[in-house]
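In: With the sequence up front, the predicted model follows.
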Amino acid sequence: MNQTDVQHTSLHAAMLEMGHEQVVFSSDPKTGLKTIIAIHDTTLGPSLGGVRMWPYADEASALRDVLRLSRGMTYKSAVSGLDLGGGKAVIIGNPATDKSEALFNSFGRIVDGLCGRYITAEDVGMTEVEMDWISKTTPYVTGKSRENGGMGAPSPITAFGVYMGMKAAAKQAYGNDSLEGKRIAIQGAGHVAEILADYLAKEKAVLFISDIFVEKAHTVASRTGAQVVEADAILEIQADIFSPNALGAVINDASIPRLTCSVIAGGANNVLDNPVRHGKELQNRGILYAPDYVVNAGGIMHVYSELVGEAEDWSMKRAESIYETTLKVFKRAEEEQITPGEASDRIAEEQIQARKNHA
Ligand code: NAD
């Protein structure tokens, strides 16, 4: 669908077109909470996906984000072989100034009302602290602190999975998966990017990093030897690999002509503003795109392991499989003459259809 146009159509029309089962709008005047929870598809299991707190310009932007992100979670879990459906929540607010325990307790009560159809976790703007607050009012939360019976933040496993996906993309693009000497431009210096940068530095890649909060980029640079770049300039760095690890839609009509890389692989969700058109445009330009939800699935593997009580090292081992899954996606794309994004969508849809056929 034209996922940019939710505001020009009815919500039901958007839900039907994108395949959503349920969208819940909630507010709490006492705490100032304004939240939207989207449950996309529960064929494979309960919907699981993080809660994002962001100062959205308006409600339509928040809705568009939660619809796209929840759909992405369905595909991410399906392509990764997890028994989970896709869901996501957004809280409209500024994570720097609007967080309070009462607000997250209130959010937890709303999640609890969905009786396990939606299970929440960390996303942008969140830490274990908020997950612990949420856990006071609902059991349907993952990513809690170890002191509170959880397995800690998912971002280290996400970062490892992105590293695996990037190596697979290098193998596909350059014939071997070594990243030594590769020039890698990292956008964002948050939880995922900082650990990804550690792996890449260990492999002796040549790193460039940017963040809108430049001090975060300097912190990562000080221990990895990366060169700090202005946020606006990171797309134009002469690089082999561009790694988006900030927000979505960074690959768009304006940014594609500025790209110098031959591979894109990063942790951010919804990297392509228009998945079909921009996927094709990258392919036409000879840029290999490792689909976002394939390479950033380490985090969902980690929270899944917390949910079902797997051993401590399960998610790290599972995230290693992202290397093979990414190669499988590229192979399918080649065989069927489609983009990697279309290939991963097909693999995910087949998983879901197979379960429906057995139901
Ligand atoms: P984070 O909030 O810790 O880091 C994001 C960073 O991006 C912040 O430092 C922010 O200042 C920076 N940023 C925002 N806009 C920017 C811009 N235009 N240029 C440069 N920097 C910018 O979030 P995170 O947990 O590291 O997640 C990063 C991305 O990965 C998000 O898109 C998230 O949805 C996705 N993701 C995260 C996980 C996880 O386990 N944390 C799992 C899957 C996907």
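Out: The structure has been received and is ready for your questions.
In: Now do residue 336: how many residues are near it, please.
Out: The burial metric for residue 336, expressed as a neighbour count using other CB atoms under 10 Å, is 11. Any C-beta I mention is one placed from the backbone N, CA and C, and that applies to glycine too.
In: Name the helix or strand for the nearest residue to it once chain neighbours are set aside, please.
Out: Nearest in space to residue 336, with sequence neighbours left out and distances taken as CB to CB, 6 or more residues apart in numbering, is residue 343 at 6.7 Å. Assigning secondary structure by DSSP states H and E places residue 343 in helix 340-358.
In: now for that helix, which elements pack on it?
Out: Taking 3 or more CB pairs under 8 Å, 6 or more residues apart in numbering; DSSP states H and E as contact, the helices and strands that helix 340-358 lies on are helix 59-79, helix 275-284, strand 288-289, helix 322-336.
In: rewinding a little: Provide the count of other residues in contact range of the residue nearest to residue 336.
Out: 23.
In: do residue 249 as well
Out: Neighbour number of residue 249 under other CB under 10 Å is 19.
In: so it touches residue 275, yeah?
Out: No. Taking CB atoms under 8 Å as the definition, residue 249 is not a contact partner of residue 275, at 10.3 Å.
In: Can you get me a residue count around residue 58?
Out: So residue 58, with other CB under 10 Å, has 10 neighbours.
In: for the residue in the stretch 101-250 of the chain that the ligand sits nearest to, what are its contacts?
Out: Closest residue of the stretch 101-250 of the chain to the ligand, CB to the nearest ligand atom: residue 190 (1.8 Å). Residue 190 makes contact with 124, 155, 211, 216, 245-246 under the criterion CB atoms under 8 Å, 6 or more residues apart in numbering.
In: Do a quick rundown of the strands in the stretch 1-150 of the chain.
Out: Ranges of strands within the stretch 1-150 of the chain are 22-28, 33-41, 47-48, 51-54, 85-92, 118-119, based on DSSP state E, counting those that start in this stretch.
In: of all those strands, which lies closest to residue 173?
Out: Closest to residue 173 of the strands of the stretch 1-150 of the chain is strand 85-92 (CB to CB; 29.0 Å).
In: circling back to that earlier point, near the ligand, which of the contacts of residue 190 show up?
Out: Counting by CB under 6 Å from any ligand atom, the subset of the contacts of residue 190 that neighbours the ligand consists of 124, 155, 211, 216, 245-246.
In: okay if I get these as a markdown table plus pLDDT?
Out: Below are these laid out as a markdown table (pLDDT from 0 to 100):
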| residue | pLDDT |
| --- | --- |
| 124 | 81 |
| 155 | 90 |
| 211 | 98 |
| 216 | 97 |
| 245 | 97 |
| 246 | 95 |
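In: Include secondary structure and distance to residue 106 when you put these into JSON lines, please.
Out: Output for these, formatted as JSON lines (DSSP: H, G, I helix; E, B strand; the rest coil; distance: CB to CB, whole Å):
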{"residue": "124", "secondary structure": "coil", "distance to residue 106": "20"}
{"residue": "155", "secondary structure": "helix", "distance to residue 106": "25"}
{"residue": "211", "secondary structure": "coil", "distance to residue 106": "31"}
{"residue": "216", "secondary structure": "helix", "distance to residue 106": "30"}
{"residue": "245", "secondary structure": "coil", "distance to residue 106": "30"}
{"residue": "246", "secondary structure": "coil", "distance to residue 106": "28"}
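In: neighbour-wise, which of these leads?
Out: Top of these by neighbour count (other CB under 10 Å): residue 245, with 26 neighbours.
In: Next, the contact list for that residue, please.
Out: Residues in contact with residue 245, defined by CB under 8 Å, 6+ apart, are 162, 186-190, 192-193, 196, 266-268.
In: on that earlier part again, for the contacts of residue 190, which one is nearest residue 173?
Out: Where those are concerned, and distances follow CB to CB, residue 173 has its nearest neighbour in residue 245, at 19.2 Å.
In: So what pairs up with residue 38 in the strands?
Out: residue 23, residue 88 (DSSP bridges).
In: Report the contact partners of it.
Out: Under the criterion of CB under 8 Å, 6+ apart, the neighbours of residue 38 are 20, 22-24, 66-67, 69-70, 87-89.
In: same check, this time on residue 85
Out: If you count contacts by CB under 8 Å, 6+ apart, residue 85 has them with 39-48, 73-74, 77.
In: before we move on, what about residue 185?
Out: With contacts taken as CB under 8 Å, 6+ apart, residue 185 has the following neighbours: 208-210, 229, 234-235, 237, 239, 241-243, 261.
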